[in-house]
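Asker: Sequence below, structure please.
(2 chains, ligands or ions: 1)
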Amino acid sequence: MELGFTEDERRFRAEVRRTLIEQVPERIRQAVREEKPLPRAWMVEAQRILNRNGYAVPHWPIAWGGRDWSAVKRAILAEEIDRAGVPKPLPFNVALIGPVIAAFGSEAQKRRFLPPIANLDLWFCQGFSEPGAGSDLASLRMAAVREGDHYRVSGQKIWTTYAHKADWIFCLVRTGQGGRKHEGISFLLIDLRTPGIEIRPIRTIDGYHHLNEVFFDDVRVPVENLVGEEGKGWDYARYLLGQERTSMGNVGFSRRRLDRVRELAGPLLDDPGYRRRLTWAEIELKALEITQMRVVANERPPSAGPDPKTSILKVKGGELLQTAAGLLLDALGPEALTAGFPQAAAEEPFQGHDARSALVSAYFSSRKYSIFGGANEIQRNILAKAVLGLGKAA
Amino acid sequence: MNFEPDEEQRLLAASVARLFEDHGAQPSADPVRQWRDYRDMGLLGLPFAEANGGHGGRFEDVMLVMEAYGRALGQVPYPAVALLAGRLLEAAGGPTAQALLAEMIAGTKRVALALYEPGRRYRWDDPATAAECDGEGWTLTGAKIAVLGADRETVLLCPATTAEGLRLLAVPAGTAGVAMEMLPTPDGRQAANVRCDDARIPAAAEIGDPARNPALIAAAVDGAIAAACAEMVGAMERLLGLTVDYLGVRRQFGVAIGSFQALQHRAADMLMAIEQARSMTIHAVAMLDAPAAERTVAVAAAKALVNRSSRFVGQQAIQLHGGMGLTAEYPAGRYFQRLTVLENLFGDTGHHLDIVERAGV
Ligand SMILES: Cc1cc2nc3c(=O)[nH]c(=O)nc-3n(C[C@H](O)[C@H](O)[C@H](O)COP(=O)(O)OP(=O)(O)OC[C@H]3O[C@@H](n4cnc5c(N)ncnc54)[C@H](O)[C@@H]3O)c2cc1C
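Answerer: Numbers count the residues shown, from 1 in each chain, chains lettered A, B, ... in the order given. As a prediction, the model looks like this:
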């Protein structure tokens, strides 16, 4: 046992912190700390800086830019990125599609996609969910029918984060009928400029535009954009979900939010009721930090699928972000009402009447942490079944 | 005890429900039209004595109206104008206040109470806004925030510190030296931040007097809190209804998601939270005429509990709707936004728990 960080890990943390603060412009880090939505160009700028330093895709195969850092080091890196207010490397690129292409893609796909994905020269979004397929993802219906050297794709995706900023979308599509519903699913990469694709914005209760519906009307997709084998899409999706878990708990992000609480709460910090809520949040964060490291240190091959214990990180990490958002909202008092709130009609990234307005939005948007990527109820089902063995198999 | 509305109250509740739902269904609401509808239905004068031009209604009636308003997500600033500022005017009395109240009831003038200031959270009794008298009138300087119900034609009731104590000045928003910024609130309405720089206010614009003002304002705010609690109960009730409907129609894994026991229990928890909130709202309304100290504790206890219920019900409604709950278009999100604003209004949970604790309960 080695219950604390090693000397080497500590040095690594210090070096990462120094590099991030030196290289990522303060304007970007301040906007992230204030939780303002970033212009696309700033996100690209930040990811290129990370990539230059080997920080964007350390978990990828070394041939494609990965580093042979331990999972603990990668977790330290993820935490420091969040703490420093550096935008996370785009998760759709680096945590989801990159590893799938690296593991199952053709050589041509690897060469074509992996370098620009790492550098955010190419922006991918995730087309999994459909109106009828949320928690029950395997019931998806978007159809891809093969005709010679291409597929014809028709159907709809929904809740697609950043589709309006993306260049490409990776989709689960149905290429076969019959059998169990997990069968007949394939994994396709689709250029969003292809004719027949329409992207419609979905406004959310935080006042912003992050989400979209994406409609596919007889869209021609070259067969070379199929990842791996036809009908194996569900396996790849499971592999993808078993990927990079080192920042699942969002420890660095919660740290940053709680720091912000201390900055803004002023006299409330002397209020015993408020103080106690904050103290509990700090204790929860410490526990989460260590639980995160325990899950991370227990490295398992991605082929083993997701570690059911990562559900603990997902639930507890999300709840802590929600708690911290509630503390921030309450810290604003009546000033939350007229801090300015983004108007549903505005198209431009809303920078807010003052820095507090973004925090009001953050309270509303933080409800998402218990919904996306497997809602908390689904995570609890996993824990009850896969870990505790209750009920039938998941 | 009898918690059932009488025949007249049932009629009132039914007709305001019709009106508010009707307003809610209008795609582009005309606030002037809607305000006239409120007047024509007698709502602007509802809580005021007949001697003051009102309809002599009781606060129980107001409670029914506000529940309906909450259910329908009312947009016009009825609670801020009639139930807070209007009731303050009536309690203050005197020619200036009476004239303003008459115009408010007639629907020709809006009034709003400018209670809060930057950096002072929910404290209103020692404003940094100050007024000086020079024989002919007042010179007013200071900032107010989050004034609900105000627009550029509103008469603002501004508490201000003077040498003699807390004075209350009626300041038309158009007065020279008054700058008003209209800002969108998180529930899609508008509220004002106001700055007064040496604004000249005639001596006759004073309402109440320094000896009585703190008590008058406290009573008016307590009434407004009880009204907000009723609004929150109405909004929560509708939100639970929407959620239960959704649990019945949304299918995943081949079944309605309402068949999952985890979600059934959550909905049952929401129901319990709402019923407890309703009970505390009734308690607050019943105590509005009690001596000030008892009234304040009852109202604070009610707001604390209704707030807690509201946070739970609002968050869980979103949760049970999945992604749908986060969309701006779908009504569940709008109820959550409204509840979040109301939770904040007139004091958050911590503020009201403090009041109850200080009273030694
Ligand atoms: C902000 C945000 C961003 C997103 N980004 C993307 C994206 O980029 N790409 C993408 O493909 N998807 C994205 N999603 C979709 C997300 O993955 C889905 O919202 C999620 O899978 C839940 O599906 P649903 O919204 O259809 O809810 P539903 O599945 O309809 O769930 C509704 C409620 O029922 C509960 N429930 C469902 N099944 C069970 C069960 N068996 N037992 C108990 N309770 C159950 C859920 O927990 C939830 O509370 C995003 C969602 C959000 C909110």
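Asker: Could you see whether the ligand lies near the helix or strand A:Leu321 falls within?
Answerer: Counting by DSSP states H and E, the element that carries A:Leu321 is helix A:310-332. No. Taking CB under 6 Å from any ligand atom as the criterion, helix A:310-332 and the ligand are apart, separated by no less than 11.3 Å. Every residue, glycine included, has its C-beta placed from N, CA and C.
Asker: Is that helix positioned near chain B?
Answerer: Yes. Using CB under 8 Å from any CB of the partner chain, helix A:310-332 reaches chain B at A:322, A:326, A:329-330.
Asker: which one of the residues you listed sits closest to chain B?
Answerer: Using CB to the nearest CB, A:Asp330 comes nearest to chain B of the residues of helix A:310-332 next to chain B, at 5.5 Å.
Asker: Leaving out the residues flanking it, which one is nearest to that closest one?
Answerer: Nearest non-adjacent residue to A:Asp330, counting by CB to CB, 6 or more residues apart in numbering or on different chains: B:Asp348, 5.5 Å away.
Asker: how about residue 93, what does it touch?
Answerer: Reading this off chain A. By CB atoms under 8 Å, 6 or more residues apart in numbering or on different chains, the contact set of A:Asn93 is A:117-118, A:120, A:122-124.
Asker: Please enumerate the strands of the chain.
Answerer: Reading this off chain A. Secondary structure of chain A (DSSP state E): strands at A:124-127, A:143-147, A:150-158, A:168-174, A:185-191, A:197-203, A:209-222.
Asker: try chain B instead
Answerer: B:111-113, B:130-133, B:137-148, B:155-162, B:165-172, B:178-184, B:190-202, B:206-207, B:251-252, B:255-256.
Asker: what's next to stretch B:341-351, contact-wise?
Answerer: By CB under 8 Å, 6+ apart, the residues outside stretch B:341-351 that reach it are A:268, A:271, A:273-274, A:329-330, A:333-334, A:336-337, B:121-122, B:148, B:185-187, B:189, B:221, B:224-225, B:228, B:231-232, B:235, B:300, B:303-304, B:307-308, B:310-311, B:355.
Asker: Which of those are buried? Put it as a ChimeraX command.
Answerer: To isolate the buried members of the contacts of stretch B:341-351 in ChimeraX, using 16 or more other CB atoms under 10 Å in any protein chain shown:
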select /A:268,271,274,329,330,333,334,336,337 /B:121,122,148,185,186,187,189,221,224,225,228,231,232,235,300,303,304,307,308,310,311,355
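Asker: Among the contacts of stretch B:341-351, which are located in helices?
Answerer: Among those, the members found in helices (DSSP state H) are A:273-274, A:329-330, B:221, B:224-225, B:228, B:231-232, B:235, B:300, B:303-304, B:307-308, B:310-311, B:355.
Asker: Now do the contacts for the nearest residue to A:Arg257 once chain neighbours are set aside.
Answerer: With sequence-adjacent residues excluded and distances taken as CB to CB, 6+ apart, A:Arg257 is closest to A:Ala324, at 3.7 Å. Counting by CB under 8 Å, 6+ apart, A:Ala324 touches A:254, A:257-258, A:261, A:281.
Asker: at 6 Å what do you get?
Answerer: A:Ala324 is in contact with A:254, A:257-258, counting by CB atoms under 6 Å, 6 or more residues apart in numbering or on different chains.
Asker: Throw those residues into JSON lines and include distance to the ligand, thanks.
Answerer: What follows is the contacts of A:Ala324, written out as JSON lines (distance: CB to the nearest ligand atom, whole Å):
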{"residue": "A:Ser254", "distance to the ligand": "18"}
{"residue": "A:Arg257", "distance to the ligand": "17"}
{"residue": "A:Leu258", "distance to the ligand": "22"}
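Asker: From these, pick the one nearest B:Phe59.
Answerer: Distance to B:Phe59 across these (CB to CB) is lowest for A:Arg257, with 41.0 Å.
Asker: burial count for residue 108?
Answerer: Since you didn't name a chain, this refers to chain A. When neighbours are defined as other CB atoms under 10 Å in any protein chain shown, A:Ala108 has 9 of them.
Asker: meant chain B, my bad for not saying
Answerer: Neighbour tally, B:Thr108, other CB under 10 Å: 9.
Asker: For A:Leu278, see how far away it is.
Answerer: 49 Å (CB to CB, to the nearest Å).
Asker: With A:Arg33 instead?
Answerer: For A:Arg33, the distance to A:Leu278 equals 18 Å [CB to CB].
Asker: got it, and A:Gln156?
Answerer: Relative to A:Leu278, A:Gln156 is positioned 43 Å away (CB to CB).
Asker: So which of the contacts of A:Ala324 wins on neighbours?
Answerer: Using other CB under 10 Å as the neighbour test, the contacts of A:Ala324 are led by A:Ser254, with 28 neighbours.
Asker: Sweet, I'm off.
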